[in-house]
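Visitor: Quick one: sequence and predicted model below, then my questions.
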Amino acid sequence: MVLDPDRDPKSARLAIGIVVVALALFLVASSMPSVGSIVGPDALTLTILSKRTGPNEASALGTVENTPTPGGNLVELLVNGAVVRSTTSYGSGEYWFTKVPVSDGATIQTRVGSIYSASEPVPAYVAQPVGLPGFIYAQGTHLMKDGQPIILFGINEATAFSWAIVASATPDPTVWGLNNVFPNGPGSKIPNVANADQFWREYFRYILHNRPVGDPNNPPVTLLRIWIVDNNWQMEMTYNYWKANPAGFWNLFDRMVYWAARSNTYLVPILGQNAIPPNNLMYDTTNPLYLHNLELTRAIVQRYDGSPTIAMWDLWNEADSYWSQIGDINTFRTWVGHLISDVEPYSPHHLITVGSANNQFIAGSPGWGWRLYFDFNDIPGLQVANQHMYEPYIDQTYIDINSDWNDALGTPHFQSEYGYWQCPSPVGNPLCYGYWPYYTERRMTRGVGALAPMVFLDNGKGAYYDYPYTGTLPSYPPVASFVFSPANPIAGNAVSFDGSASYNDAGPPVATYQWNFGDGGTGSGKTIPHTYASGGNFTATLTVTDTSGGSGTSSQTVPVQSSSPGPDTTPPARTTDLRATGTGYDYAVLAWTAPGDDGNVGTATTYSVRFSTTGPLTDSNFLTGTAVPVPAPHPAGSKETLNVTGLAQGTTYWFGLRTADEVPNWSPVSTNANVTTKSTQVSVVSPAAGAILPTASVLLKWSVSSPAPNSTQVQIDNGPWIDAGTGTSYLFTGVADGPRALRVHVMFGSTGLYASTNALVDTQSPAVTILSPRSGDILQSSTIIVDWTATDSGSGITAVAVRQDTQPYQVVQGNSTTFRNVVAGSHTFSVQGTDNAGHIAEASVVVTITAVGGSGPTVSSVVFQSETKSIDLTFSEPMNETSVENSIGIAPTVSYSLAWVNASYLRIVVVGPMEQGTLYQVTIQNSAQGTGGNRMASAYAF
């Protein structure tokens, strides 16, 4: 195994993170027109987007395009034609409104003066499903548990699981206990542990210690975000161990989940991460690296779908940090959506997030603002927004703006990594980032779903509470558990409560049992009877305390009947939200909200799910449908899912559902879920049709959208079919120049599918000839005209570039270019031709210049002011202002103004917009003259 335990996976990106703040501020400033410029209001255009964020509210976001006013525009928001809010747009042109009162059918619109955006209908409100008891679920921007909002706070753990794999797989018992958090940060080791059970038991005891009370800067630790696949280790280490020793792998995961639950800690396992060095093939959804990770991910999320200890799954950490080498922001969003859709059907009861640096350096990214936040977090299937942040300065405005974007999106926000960045560290922290109490307190006060700093170490703002801690760790509290009988007691009859199932497997034994029966009655003892005087639902609570004072509680609802019930004639409610949430080639995933035993109250007894391929199922034909196995119902209001397998490809199915109580009383047939399964498809991945290929080796790649084929053949130019096995690529060699036709034939049993493409093979370089001047010419001029021819018999010339001496090549048009202000001496002039296949040919001539233009003034100093976009030039002597102005140029072209302070001091002010990331060159040709008539000694460029 390859391991670099001293390397910090964050350091490379943190340097970029500092640039992020500066760039964001620059974008705000540079997008404004120069002070004093004239803005025509009729040139404005407005964009608008609406997001439904609650049953009675929505957000409205947009941009002021073309020529926004310096300092921002006053943007008014109209709901159903009436102005309800106003705000000032930012320098980037963005604006947003959150928590706008609306109802279904409303329209929203914005205006600046007399300019209006389009009128947009507010999306209809779709109620979010309620999670199972004890599970974390989402409602708007809140994480919820059992109907109550919950904010989770925790820590990141990058190495503990991977070290546990090393300890188990090698095996190397000396590495048991290694981790990144306890007791004192990266490189820590918990002593006296020798197996998975001991390690996780001791690890989560530290979290038990980190439960301070009453300090908003140091909230109790209730969350662990932990890498299951980590980038410090070799590619596919976790996958390979799982394949080689599944029992050992599941033992590591099972014991982690168990001890996390015993310490009341929620887990966010990270299931994907690039490696070091990076291998971007893992972002190809047809590559084995991606498919292996997907196989492992599906196995994990399916195994633990019934565990409430999992807060959410983080499917992949910071794929965006590598995406600049792969594609643009749209391909990133497509890839994340594909990953989520590949996993979501296997995890119906847990939320999904994707760890992200919100990298604004990806091509096509807006760079700052709500559009950047939405690019990374408004992705289908992404249920919890995610953002990483390492900064040297943050204030309340920064927090409020980021929170506004989250409010506008309408999903919970997970700040899954953050830290105070300063390097060199003021306190000698080698990581250069550390815990940030101010941000923790302010962000939780403003509102957030979950927070997880990368480390608890100090970097100048203070360490987390009592950290590092090397003292005695607390014992685990006991676990309270009880049963009562009968299950449906009657008022006036005794109910037996039994707490014998309570235990403590990692601490002192249970000593006392205290009962609160929910009707004002209390009692003590392991078993105890209690009589309820009247009917109703009562919450009975057992509190157990061990001999060291540790305690645990458990509560259950006791449904007490007022008297013996009469016949039950009330069926469960009809299901009205049966729907398909996923589909494949042979499966469909159904979801619905559980009805109750009586209407929407209680817990029903059984489901009946059937399907038809000929039309909808109704009460009259339901029993003619094909039945599928389905688990027992959960309590009313729960989110139910069912994965129906064994379906035929390319077939339309109508699914219906009925629910029964214990009598049984059957509900009417539900609304139908209509779904069409996918069909197998074969398509060529590369080369793209019409591609120009530069070599005689042609790699044909294709994708198959279903399980592996039986056999595959390939063909070029109607030649013989060649066996390609069951892979998805074939390399043709020795291919002749010219247009070529490529085909692939994939067999699935007796069924064959074809796909084809075409390409032009061009292995020859173009021909470039300089016609004049000729090598050896002696020229008496400072102006040199170079003429040439550039031809290509294959794919054609795509670009011609020229240069003088060792200067950079400049792309030109036509067959001639002029070099001016060439000084005396020997010079090389070169012409480079590039064809559409990427081949390059070059021709050069060497000439001697014996007579060039004048001598005289020079530019003695230059000062560039980025804030005002001005350049101050000082000349060595007074200048002829007209000749200077006629000799100035800026490339690429941009509008500018000139102001002479005196005859030797010129100010150039750029007034037109400048493109980010573009190099601008200001040139003064040597035709510029001093007041005495002398030309400049040479041209000047800045």
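Guide: Thanks, I have the structure now.

Visitor: May I have the secondary structure class of Thr238?
Guide: helix (DSSP: H, G, I helix; E, B strand; the rest coil).

Visitor: scratch that, Trp259
Guide: Going by three-state DSSP: Trp259 is helix.

Visitor: Confidence-wise, which helix or strand of the protein is lowest on average?
Guide: The weakest-scoring helix or strand in the chain, judged by mean pLDDT, DSSP states H and E, is helix 11-30 (a mean of 33).

Visitor: tell me what the helix or strand following it is packed against?
Guide: With elements assigned by DSSP states H and E, the helix or strand that comes after helix 11-30 is strand 45-54. With contacts defined as 3 or more C-beta pairs under 8 Å, 6 or more residues apart in numbering; DSSP states H and E, strand 45-54 has these neighbours: strand 57-65, strand 94-101, strand 107-112, strand 115-116, strand 120-121, helix 396-409. All C-beta atoms are positioned from the backbone trio N, CA, C, and that covers glycine.

Visitor: tell me the most buried of these?
Guide: Among those, ranked by average contacts under mean count of other C-beta atoms under 10 Å, first place goes to strand 57-65 (a mean of 23).

Visitor: Paired strands for that strand, with orientation please.
Guide: strand 45-54 (antiparallel), strand 94-101 (antiparallel) (DSSP bridges).

Visitor: so Thr783 sits right up against Val822, yeah?
Guide: Yes. The pair Thr783 / Val822 is scored as a contact, 7.2 Å apart, by C-beta atoms under 8 Å.

Visitor: The two: which is more packed in?
Guide: Neighbour tally, Thr783 and Val822, criterion other C-beta atoms under 10 Å: the higher count belongs to Val822, 20 against 12.

Visitor: how many neighbours does the closest residue to Glu295 other than its chain neighbours have?
Guide: In space, and not counting its chain neighbours, Glu295 is closest to Tyr239: 7.6 Å by C-beta to C-beta, 6 or more residues apart in numbering. The tally of other residues near Tyr239 (other C-beta under 10 Å) stands at 17.

Visitor: Assess the claim that Tyr239 and Leu291 are in contact.
Guide: No. Under the criterion of C-beta under 8 Å, Tyr239 is not in contact with Leu291, lying 10.1 Å apart.

Visitor: In the stretch 101-250 of the chain, where is pLDDT below threshold?
Guide: 213-214, 231-232 (pLDDT under 70).

Visitor: where along it do the helices fall?
Guide: Assigned by DSSP state H, counting those that start in this stretch, the helices in the stretch 101-250 of the chain fall at 160-169, 196-209, 237-244, 246-262.

Visitor: Tabulate the ones you listed in JSON lines, adding columns for distance to Gln396.
Guide: What follows is the helices of the stretch 101-250 of the chain, written out as JSON lines (distance: least, C-beta to C-beta, whole Å):
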{"stretch": "helix 160-169", "distance to Gln396": "35"}
{"stretch": "helix 196-209", "distance to Gln396": "30"}
{"stretch": "helix 237-244", "distance to Gln396": "41"}
{"stretch": "helix 246-262", "distance to Gln396": "34"}
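
Visitor: To Ser548, which of those helices lies closest?
Guide: helix 196-209 (12.7 Å; C-beta to C-beta).

Visitor: relative to helix 160-169, how tilted is that closest one?
Guide: 160 degrees (axes from the mean of the first three to the mean of the last three C-alpha atoms, to 10 degrees).

Visitor: Begin at 15, not 1, for the rest of this chat.
Guide: Got it, first residue is 15 now, which makes that one helix 210-223.

Visitor: Contacts for helix 210-223 next, please.
Guide: Contact with helix 210-223 is made by 174, 178, 182, 190-191, 193, 195-197, 204, 206-207, 235, 238, 265-266, 269-270, 272-274, 276-277, 279, 480, 483, 485, 487-490, 520, as judged by C-beta atoms under 8 Å, 6 or more residues apart in numbering.
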